[in-house]
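>>> coordinates for the following, if possible.
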Amino acid sequence: MTITTRRQFLHRLGLSASVLPFLPALPSLAQSPATRPRQRIIFMFTPNGTVPTDFWPDQTGADFQLKRILTPLEPFKNKTLTLKGVSNKIRGDGDGHMRGISCLLTADELFPGNIQGGSDKPAGWAKNISIDQEIRNFLQSNPATATRFGSLELGVAVPNRADPWTRKTYAGPNKPLAPLSDPYAVFEKLYGQMKDREHLGSVLDEVRDDLRLVGSHLNADERALLDQHAQFVREMENDLKAAETTRLLFPPPTLEPGVALDNDGIPKITSMQTDMLVNAFANDFARVASLQFTNSVGQARMRWLGVDEGHHGLSHEPDNNLKAQEDLVKINTWFCEQLADLARKLDAIPEPGGTGTLLDNTTIVWANELGKGNSHTLDNIPFCLVGGGLGFQSGQALQFEDVPHNRLWLSIAHAFGHQIPSFGHKDHSANGPLTLA
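Sure, this is the predicted structure:
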């Protein structure tokens with residue numbers, strides 16, 4: 001019989017509970033069950049579909065070969081899971097791009113609205129919370145898994161406007177969350193309070209010495225009044241010493257100053273954003289994050305790849321335009337390189353207080369708003385998962401038969417211990433979570 005508490009232990013020995021205060025906190029008699037290892041997730045979004053022939057492995061199971069777009073993941077092949085045949089079944093108002101991004105993580109329809117897209121009906125915001133925020137709220141509801149920020153929503157060159165083409169994360173129905181695309185603003189959000197406390201600490205050092213000098217020139221009554229102020233200073237010092245933000249396990253990354261927040265700055269912006277995301281995970285500021293590259297209908301011009309045309313325009317070119325197809329392969333391979341670089345950064349940091357690395361306990365979900373750009377299809381969305389911690393069987397390519405992506409989000413929620421019966425549109429969760437273990 002396993003003895004799970006000190007009280008049970010004493011009872012079996014026939015001893016009184018009065019012994020409890022004198023019994024040391026022995027690990028084998030801990031009064032609470034072992035905590036679950038930390039679990040983290042990152043939802044990475046890139047736009048305009050993929051090139052299916054250069055993305056999906058030809059084989060299924062563990063014996064698969066990475067195609068050109070996914071070759072940057074070769075070092076993490078045993079931690080990679082591709083999911084072919086998972087589709088966005090959400091229809092209703094809005095064009096394919098709008099539903100592609102705003103219904104991606106929410107897995108539900110858009111509200112009727114006045115934002116016109118393409119030739120379809122105008123639409124508004126999504127009707128549901130997004131899966132990242134659903135998981136965030138679940139973790140934040142438990143003190144054992146709650147973190148300072150809960151989740152982080154980061155962007156790279158996301159346009160400075162609000163519409164269903166630019167938002168994938170929702171705090172609830174009709175509540176879009178804007179990604180933060182300025183890495184310097186992200187730094188201030190994550191570490192600004194810490195820097196303010198450090199500055200205040202140095203000021204208090206000087207104030208303490210000044211008060212001592214002033215006190216030597218005062219009479220007894222005035223010194224008593226001054227002592228009251230000195231006590232306030234000491235209390236502030238104690239508060240600073242106890243503040244968690246002054247004791248980071250990992251120091252903040254150093255950002256290159258003056259990086260332009262424009263199209264040509266995208267590579268450096270990406271590197272800075274992923275540096276801070278990984279550091280935030282390492283310091284347990286959050287366990288849920290999203291990283292959004294541009295937007296649905298994103299028109300980045302990736303001149304650093306030798307591609308001068310806009311991404312969205314290229315994605316509309318027919319399959320027989322071989323140059324356009326090659327440029328799209330370059331673009332999507334570059335996105336995969338950023339995914340691999342994020343995985344590498346996570347894998348370089350040992351899990352604080354645990355085993356393995358951050359990547360062993362973090363799953364990155366790479367998704368797109370379309371399966372293929374020139375057809376605007378929402379079928380066969382290029383889902384690729386990298387990392388561990390959710391109990392999925394990585395290192396394989398899976399094939400499904402056109403299943404709703406609602407079921408993928410159910411699988412992820414359940415892997416976090418959040419046993420919700422459905423997610424998103426009620427018609428698309430009936431068959432339960434996908435089998436990924």
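>>> SS state for the residue positioned nearest the centre of the chain?
Per CA atoms, centre = their mean, the C-alpha nearest to the average position across the chain is that of Ala289, at 1.5 Å. Reduced to three states with DSSP: H, G, I helix; E, B strand; the rest coil, the structure at Ala289 is strand.
>>> now do the contacts for it.
Contact criterion CB atoms under 8 Å, 6 or more residues apart in numbering gives 40-43, 132, 151-154, 277, 280-281 as the residues in contact with Ala289. Just so you know, the C-beta spots here come from the backbone N, C-alpha and C atoms, and that holds for glycine as well.
>>> now tabulate those residues in TSV and tack on distance to Phe138, secondary structure and pLDDT.
Converted to TSV, these look like this (distance: CB to CB, whole Å; DSSP: H, G, I helix; E, B strand; the rest coil; pLDDT from 0 to 100):
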residue	distance to Phe138	secondary structure	pLDDT
Arg40	13	strand	98
Ile41	11	strand	98
Ile42	16	strand	98
Phe43	15	strand	98
Asp132	11	helix	98
Ser151	11	strand	98
Leu152	16	strand	98
Glu153	17	strand	98
Leu154	21	strand	98
Leu277	20	helix	98
Ala280	19	helix	98
Phe281	17	helix	98
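>>> looking at those, spot the one nearest Phe111.
Out of the contacts of Ala289, the one with the shortest distance to Phe111 is Asp132. That distance is 19.8 Å, counting by CB to CB.
>>> quick check, nearest of the contacts of Ala289 to Thr145?
Distance from Thr145 was checked for each of the contacts of Ala289 by CB to CB. The minimum falls on Arg40, at 10.4 Å.
>>> right, and that closest one touches Asn361 too?
Yes: taking contact to mean CB atoms under 8 Å, the distance of 6.1 Å between Arg40 and Asn361 places them in contact.
>>> overlap in contacts of these two?
Common neighbours of Arg40 and Asn361 are listed as Gly389 (criterion: CB under 8 Å, 6+ apart).
>>> the more surrounded of the two?
Set Arg40 next to Asn361 and count neighbours by other CB atoms under 10 Å: Arg40 wins out with 24 against 21.
>>> can you name the residues that contact the more buried one?
281, 287-289, 358, 361-363, 389.
>>> kindly report the same for Pro253.
By CB under 8 Å, 6+ apart, Pro253 lies in contact with 272, 275-276, 279.
>>> kindly report the same for Ala62.
Applying CB under 8 Å, 6+ apart, one finds that Ala62 lies in contact with 395-396.
>>> which of the contacts of Pro253 fall in helices?
In helices, defined here by DSSP state H, the members of the contacts of Pro253 are 272, 275-276, 279.
>>> could I get the contacts of Arg40 as CSV with distance to Gly215?
Written out in CSV, the entries for those read as follows (distance: CB to CB, whole Å):
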residue, distance to Gly215
Phe281, 47
Arg287, 49
Val288, 51
Ala289, 50
Leu358, 50
Asn361, 53
Thr362, 54
Thr363, 59
Gly389, 56
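>>> out of those, who's nearest Phe400?
Distance to Phe400, by CB to CB, is smallest for Thr363 among those, at 18.1 Å.
>>> thinking the closest one is in contact with Gly391, fair?
No: with contacts defined as CB under 8 Å, Thr363 does not count as touching Gly391, sitting 9.9 Å away.
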